[in-house]
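Peer 1: Pasting the sequence and the predicted coordinates here, then a few questions.
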Amino acid sequence: MVFTIAIEPDIRLIERLTFLQEDLGKIITARSADSRWIRPENMHVPLLCLGVSDEGAVPEFNQILHQVAHQFSPFQLVVAGISAYPSPECPRLIQAAVSTDNDILNEIREALMDAFRAANIGFDARHFEATMLLGRVATKTERINMTDAMNAIQDLNFGQSEIFELVMYSSELSESGASHHVLSRFFLDKEVPLK
């Protein structure tokens, strides 16, 4: 199993993103390609991938997440903009951009990395970019160009969501794609001193 620490937007924001998936899916189909979309219940912003581990590691992971969650207060997540990877001219991944002040996301990620490093637990420390994967594009023959469609919607603001918790997912890969399961949730509940 692969374990990932993430945050999840609320259902209203996810609904807006599912409408976008439907619209982009029609465009991709009209251009003779296929799309596979992330299901609404699996939409999240990954903060840290712990890699492959067995289920026996979950209690220790939970203890670390509990400690880190106590260091932060709830915050607003803003999702605005859309991008394609590696490029709109040859899209493989369609992502929504997180335009929240990245300082808070980077602070949470750094705290997670420090805590897992102190426990001698490995993780993926590659460059972090706050995005939400919406789907994948698969072409049967030639690549498709989505530049016009992406430019038309690149500045859309999908809204904001209050983030109250850290979420730990387990993921398993199969021929039909990845299946994600929420294993645990931890409230962000840093106590703010009274003035």
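Peer 2: Right, received. Where do you want to start? Just so it is clear, the model here is predicted, and its values are computed rather than measured. Numbering: from 1, shown residues only.

Peer 1: element containing Gln21, please.
Peer 2: If you go by DSSP states H and E, Gln21 is part of helix 11-30.

Peer 1: What of Leu47?
Peer 2: In the assignment (DSSP H and E), Leu47 maps to strand 45-52.

Peer 1: And the contacts of that strand?
Peer 2: For strand 45-52, the external contacting residues (C-beta atoms under 8 Å, 6 or more residues apart in numbering) are 1-9, 61, 77, 98, 105, 108-109, 112-113, 116, 121-124, 128, 130-132, 166. (C-beta placed from N, C-alpha, C; glycine too.)

Peer 1: any idea how far Thr29 is from Ala84?
Peer 2: According to C-beta to C-beta, to the nearest Å, Ala84 and Thr29 sit 16 Å apart.

Peer 1: How about Ser171?
Peer 2: Note on Ser171: its distance to Thr29, by C-beta to C-beta, is 27 Å.

Peer 1: again with Gln160
Peer 2: For Gln160 relative to Thr29 (C-beta to C-beta), the value is 31 Å.

Peer 1: For the two, work out which one has more neighbours and name it.
Peer 2: Gln160 (17 against 11; other C-beta atoms under 10 Å).

Peer 1: partner residues bridging the more buried one?
Peer 2: Note on Gln160: beta-bridge partners by DSSP bridges are Val78.

Peer 1: coming back round to it: parallel or antiparallel, which strands does the strand holding Leu47 pair with?
Peer 2: If you go by DSSP bridges, strand 45-52 pairs up with strand 2-7 (antiparallel).
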